[in-house]
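>>> Got a predicted structure here, sequence first:
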Amino acid sequence: RHTRLQGDWSSDVCSSDLNFVEFSAFLDGFSDAYNSDWTAENVFGRMDPIATFSQTRRALSVAWIVPSSGVDQAAENLSKINKLFTFLYPLYEQRQGASTINMGPLLKVKFGNLIQNAATNGPLLGYVNGFTMDPLLEEGMFTYSRGGPLRTGGVEYLPKAVRLNFELTVLHEQIGRAHV
């Protein structure tokens, strides 16, 4: 059974299908890590240091396999993967003849109930340091010497299955927790 992993280039002004990609895939790896940072100060005469809380960080590591049922889906998968990779670049705007960064490459990711904003059940905001794409060579490739579906004019290799992975550093949209 396929699962759906959705990615969205985060921006209130740029929310459109151009900034959205969705994969039918098999989950291959998942990790959700929470880490708190503390500063400990040793004080003369105390057995234990005095600890001061600094921050809590959350990072998700996700790997998924994107299969294809045929050459058309393999070409579509490569197109979606290339689109996903563009999400690593910032948005630029022209100002007085120069390009300036308008928005950093933040992502919103949703995967069922495993990756979601707990307050809204919507996508989770964060940034990715990179993606890794590994064609599963043991699954084979669709190969064209010319005239392939990508229309590159040269030799084309379309993997029958691809493994993708990334690590998302979560940006907390809510501060703290409610008192119970």
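Yep, it's here. Numbers count the residues shown, from 1 in each chain.
>>> From now on I want contacts and neighbour counts done on CA atoms only, so please keep to that.
Will do.
>>> Quick check: buried residues in the lengthiest strand in the chain?
In the chain, assigned by DSSP state E, the strand with the most residues is strand 20-41. By 16 or more other CA atoms under 10 Å, the buried positions in strand 20-41 come out as 20, 21, 22, 23, 24, 25, 26, 27.
>>> what sits against residue 134?
Residues counted as contacts of residue 134 (CA atoms under 8 Å, 6 or more residues apart in numbering) are 162, 163, 164.
>>> Narrow the residues you listed to just the buried residues.
162, 163, 164.
>>> Out of those, which is nearest to residue 61?
residue 164 (10.9 Å; CA to CA).
>>> The residue sitting furthest away from the middle of the chain: what secondary structure?
Centroid-distance maximum for the chain: residue 45 at 48.5 Å, with CA atoms, centre = their mean. Recorded secondary structure, residue 45: coil (DSSP: H, G, I helix; E, B strand; the rest coil).
>>> Let me see the contact set for it.
Residues counted as contacts of residue 45 (CA under 8 Å, 6+ apart): none.
>>> How much space separates it from residue 151?
75 Å (CA to CA, to the nearest Å).
>>> got it, and residue 78?
Per CA to CA, residue 78 is found 13 Å from residue 151.
>>> More neighbours: those two, which one.
residue 78 (16 against 10; other CA atoms under 10 Å).
>>> which secondary structure element contains the closest residue to residue 154 other than its chain neighbours?
Of all residues not flanking residue 154 in the chain, residue 146 sits nearest, at 5.3 Å (CA to CA, 6 or more residues apart in numbering). Counting by DSSP states H and E, no helix or strand carries residue 146.
>>> ok, how many other residues are close to residue 146?
13.
>>> give me every residue that touches it.
Residue 146 neighbours (CA under 8 Å, 6+ apart): 153, 154, 155, 156.
>>> Among these, which one lies nearest to residue 49?
residue 156 (61.8 Å).
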